[in-house]
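1. Dropping a prediction and its sequence here:
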Amino acid sequence: MNIIVKRILIGIGVLILILVAIMGGFYFKMKSEIKDMHVLETRQVTKDVYSIKDSFVNMFLVQDSDKYVAVDAGADVATIRKELKTLKIDSSKVVAVFLTHGDGDHTAALSMFKEAKIYLSKDEEQMINGKTAKMMFIHNSISRKDYTLLEDQQLLKVGNTTVKSIITPGHTPGSMSYLINDSLLFVGDAFGLNHGKVAKPNAFFSKDMNLAIKSFDKISSLPSVKYIFTAHTGFSSEYKNAVKTELK
């Protein structure tokens, strides 16, 4: 075999080994980070809020009479379908889904909610249309293309439910939190909870930690909030105490 061909093959082999090592390291780091996440079981959390457990992530439903407004849409369609049956909630009763961001563990079951309108931050669209990669060559996508884009501080009415959108970038460029009925704050992955206090998002999965810390100011002094809900670290019924912290 030609010596040049041999060297090329050896080079390709080395590159493949390096790539496998990087991907393997990424996989084990990801599994380690996920292992430390603590989510709510599928249940009624408050009078009007239901949590749905999908492996390492929660999606939430806010009840409005016999209808529901969802925050995010889980990581696996089959799991969401099963958990909805556990709650005896028909997916056709979900009339709106507000996505905190475009990652796959928050968008997988969108196709289930055929009667629902889908809402997404305007600044997050870049994460699902191929313009901006989640990491390296990995891009997000969602099954529904008929979404409505939201501006910061936009106020919507869905049935009797009021929803205010609050842009809280950092985890992703367009991460959005939602203030529902003035008292329920859903932050997705923009922030976590640690011993009852608001904490920075998971650094391994987040794009801009400095921006995430700056975003804290936008959700730290909302006068009427009682509850704060996160996607991976549960919730707190003591919002005012939870935001009495300093992110660094």
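-> Great, that's in hand. Numbers count the residues shown, from 1 in each chain.
2. who's in contact with L61?
-> L61 makes contacts with V49, Y50, I52, Y68, V69, A70, V71, L87, I89, V94, as judged by CB atoms under 8 Å, 6 or more residues apart in numbering. Where C-beta positions appear, they are placed from N, C-alpha and C, glycine not excepted.
3. I'd guess the third one is in a strand, am I close?
-> Yes. Assignment of I52 by DSSP: H, G, I helix; E, B strand; the rest coil places it within a strand.
4. what pairs with it across the strands?
-> M59 (DSSP bridges).
5. what helix or strand does the most centrally placed residue in the chain sit in?
-> Central residue of the chain (CA atoms, centre = their mean): G188, 4.3 Å from the mean position. Secondary structure assignment for G188, by DSSP states H and E: no helix or strand.
6. Then L211?
-> helix 209-219.
7. Check the contacts of L61 against I219 and report the nearest one.
-> The closest of the contacts of L61 to I219 turns out to be V71 (CB to CB; 14.3 Å).
8. give me the number of residues near that closest one?
-> Residues contacting V71 under the criterion other CB atoms under 10 Å number 27.
9. thinking again about what came up before, neighbouring strands of the next helix or strand after the helix holding L211 in the sheet, and parallel or not?
-> Sequence order places strand 227-229 as the next helix or strand after helix 209-219, per DSSP H and E. Strand pairing for strand 227-229, determined by DSSP bridges: strand 184-186 (parallel), strand 235-236 (antiparallel).
10. Buried ones in the following helix or strand past the last one, by neighbour count?
-> Moving toward the C-terminus from strand 235-236, the first helix or strand encountered (DSSP H and E) is helix 239-242. Judged by neighbour count using 16 or more other CB atoms under 10 Å, the buried positions of helix 239-242 are Y239, A242.
11. what does the average pLDDT come to for helix 239-242?
-> In this model, helix 239-242 has an average pLDDT of 97.
12. Need the residues that contact that helix.
-> L185, L193, G196, K197, V198, L222, V225, K226, Y227, I228, S236.
13. Need these in a markdown table (columns: neighbour count).
-> What follows is the contacts of helix 239-242, written out as a markdown table (neighbours: other CB atoms under 10 Å):
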| residue | neighbour count |
| --- | --- |
| L185 | 26 |
| L193 | 19 |
| G196 | 14 |
| K197 | 16 |
| V198 | 25 |
| L222 | 19 |
| V225 | 19 |
| K226 | 16 |
| Y227 | 18 |
| I228 | 24 |
| S236 | 20 |
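14. quick one on the thing from earlier: restricted to buried residues, select the contacts of L61 in PyMOL.
-> Here is the PyMOL selection string for the buried members of these, based on 16+ other CB under 10 Å:
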select buried, resi 49+50+52+68+69+70+71+89+94
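15. closest to E125 among the contacts of L61?
-> Proximity of the contacts of L61 to E125 was ranked by CB to CB; the top entry is V71 with 18.2 Å.
16. Contact partners for the closest one?
-> M59, F60, L61, V62, V97, F98, T100, Y178, I180, F186, G188, F229.
17. repeat for Q153
-> Neighbours of Q153 in contact, by CB under 8 Å, 6+ apart: K164, S165, I166, I167.
18. next one: N181
-> D48, V62, T161, T162.
19. Spatially nearest residue to the first one (excluding sequence neighbours)?
-> Taking CB to CB, 6 or more residues apart in numbering, and ignoring the residues beside it in sequence, D48 has Q63 as its nearest neighbour in space, at 4.7 Å.
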